[in-house]
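1. the following comprises the amino acid sequence and a computationally predicted model.
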Amino acid sequence: MILVTGASGFIGSALVAYLSERGLPVRALLRPSRYSPQLPRDIPVEVAVSSLQDERGIRAALKDVDCIFHLASSEKEGQQVDLDASDVKGLENLLLAAEQVGVERIFYLSHIGADKTSGFPAFRAKAIAEKMIQASKATATILRTSVIFGQRDGFLSYFARGVAASKILYFVPGSDDILMQPLWINDLIECLYLIYQTEEYAGKTYTVGGGEYFTFRAILQMIMDEIGKKRFLVPLAPAVLRARNLWFGESPTGSTLSTYWVDYLASDRTCSLDSLPHQFNILPGRFSEKMKRYLPAQRSN
């Protein structure tokens, strides 16, 4: 049995569907919520409901599980979330329960730039999590990725919504020539499936990204062209954007960048352009072509 944490999220729901369609036994771990989970329709999926802070609930969810894909994270939920208390403590509970029931393999999704000395909470938490997983008794495979795009993502949809909600000006943090390397969700899911199926990937850490580099400004321009919105991109000091979010709260529309994205755009988040074909024999989907299917054109200004 495979347990997928974060199973109702953008990546988790895609992975659950992919594994289920191939006849693999999958259990989706969902945290308690008053909202209906975004799970694949017409696909039989076993569901367990538990917070990662609930030790008894986690142990129950791990019954008969021999493999975990740990995708759950609170990193995009705003400055009010303490990632050490949520993600790190939650992982500690998960690993303890996994050891107790004899889970054999763990797959963890991390970020390019994960560093335990990072000044950015999301990247520091990812690095701490990597070390914890590597120190566990289960065989761990870690996949560090660039930004992921696809249906229901928190990337293209976030910036398209933010651009549309802004008026004339759209503020970007510091230098807008930061490089990004968007990775298509289908390619990521295929990678995760391969590392599950292929023993040679066990116990290692891999870094993957898409097949093209783009500056953040170029990506915003592509989004604006596709949705039919024209905005002036105005660089603003990252400290100012963080202070704005701290004092006034993060914009629900994305008209001003969230602290997560201000931190993400502090430096290039890239790796080798041939990371997918070289390590996984996958030819990456082209962002400039694939992104159009996720941004239906809107012709108002």
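-> Noted; the coordinates are in hand. Numbers count the residues shown, from 1 in each chain.

2. ok, and the closest non-adjacent residue to Ala7?
-> Of all residues not flanking Ala7 in the chain, Ala28 sits nearest, at 3.4 Å (C-beta to C-beta, 6 or more residues apart in numbering). Just so you know, the C-beta spots here come from the backbone N, C-alpha and C atoms, and that holds for glycine as well.

3. then Phe287?
-> In space, Phe287 is closest to Pro182, 4.3 Å off (C-beta to C-beta, 6+ apart).

4. would you agree the one you found is in contact with Met291?
-> Yes. Using C-beta atoms under 8 Å, Pro182 makes contact with Met291 at a distance of 7.5 Å.

5. so in this protein, where's the weakest helix or strand by average pLDDT?
-> When each helix and strand of the chain is scored by mean pLDDT, DSSP states H and E, helix 83 comes last, with a mean of 60.

6. just for the protein, where's the confidence low?
-> Residue ranges of the chain with pLDDT under 70: 34-41, 75-86, 296-301.

7. would you list every one of the strands in it?
-> 2-5, 26-30, 46-49, 67-70, 105-111, 139-145, 148-149, 169-173, 179-180, 183-184, 205-208, 214-215, 232-236 (DSSP state E).

8. can you redo those strands as JSON lines with distance to Val16 and mean neighbour count?
-> Compiled in JSON lines, those are given as follows (distance: least, C-beta to C-beta, whole Å; neighbours: other C-beta atoms under 10 Å):
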{"stretch": "strand 2-5", "distance to Val16": "5", "mean neighbour count": "25"}
{"stretch": "strand 26-30", "distance to Val16": "5", "mean neighbour count": "24"}
{"stretch": "strand 46-49", "distance to Val16": "10", "mean neighbour count": "16"}
{"stretch": "strand 67-70", "distance to Val16": "9", "mean neighbour count": "26"}
{"stretch": "strand 105-111", "distance to Val16": "13", "mean neighbour count": "22"}
{"stretch": "strand 139-145", "distance to Val16": "17", "mean neighbour count": "21"}
{"stretch": "strand 148-149", "distance to Val16": "16", "mean neighbour count": "24"}
{"stretch": "strand 169-173", "distance to Val16": "34", "mean neighbour count": "19"}
{"stretch": "strand 179-180", "distance to Val16": "27", "mean neighbour count": "19"}
{"stretch": "strand 183-184", "distance to Val16": "18", "mean neighbour count": "24"}
{"stretch": "strand 205-208", "distance to Val16": "20", "mean neighbour count": "18"}
{"stretch": "strand 214-215", "distance to Val16": "29", "mean neighbour count": "17"}
{"stretch": "strand 232-236", "distance to Val16": "37", "mean neighbour count": "13"}
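
9. what's the closest of the ones you listed to Ala127?
-> strand 105-111 (7.8 Å; C-beta to C-beta).

10. check contacts around Arg105.
-> Taking C-beta atoms under 8 Å, 6 or more residues apart in numbering, we find Arg105 in contact with Asp66, Cys67, Ile68, Ala138, Thr139, Ala140, Thr141, Tyr196, Ala202.

11. cutoff 7 Å now
-> Arg105 is in contact with Cys67, Ala138, Thr139, Ala202, counting by C-beta atoms under 7 Å, 6 or more residues apart in numbering.

12. of these, closest to Asn93?
-> For the contacts of Arg105, the nearest to Asn93 is Ala138 (14.6 Å; C-beta to C-beta).

13. pretty sure the closest one contacts Val103?
-> Yes. Counting by C-beta atoms under 7 Å, Val103 is a contact partner of Ala138 at 5.2 Å.

14. who has more neighbours out of the two?
-> Val103 (22 against 19; other C-beta atoms under 10 Å).

15. the more buried one contacts Asp66, correct?
-> Yes. With contact defined as C-beta under 7 Å, Val103 counts as touching Asp66 (6.1 Å).

16. overlap in contacts, these two.
-> In contact with both Val103 and Asp66: no residue, using C-beta under 7 Å, 6+ apart.

17. can you pull out the helices in the chain?
-> 10-21, 55-61, 83, 89-101, 121-134, 156-165, 185-197, 216-227, 238-248, 259-264, 275-280, 287-290 (DSSP state H).

18. just the CA atoms of the last one, as CSV, please.
-> What that stands for is helix 287-290. Taking Å, rounded to 0.1, in the frame of the first residue of the first chain, the C-alpha atoms of helix 287-290 are listed here in CSV:
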residue,chain,number,x,y,z
PHE,A,287,6.8,25.6,-20.9
SER,A,288,6.2,28.1,-23.8
GLU,A,289,3.8,25.5,-25.4
LYS,A,290,2.3,23.7,-22.4
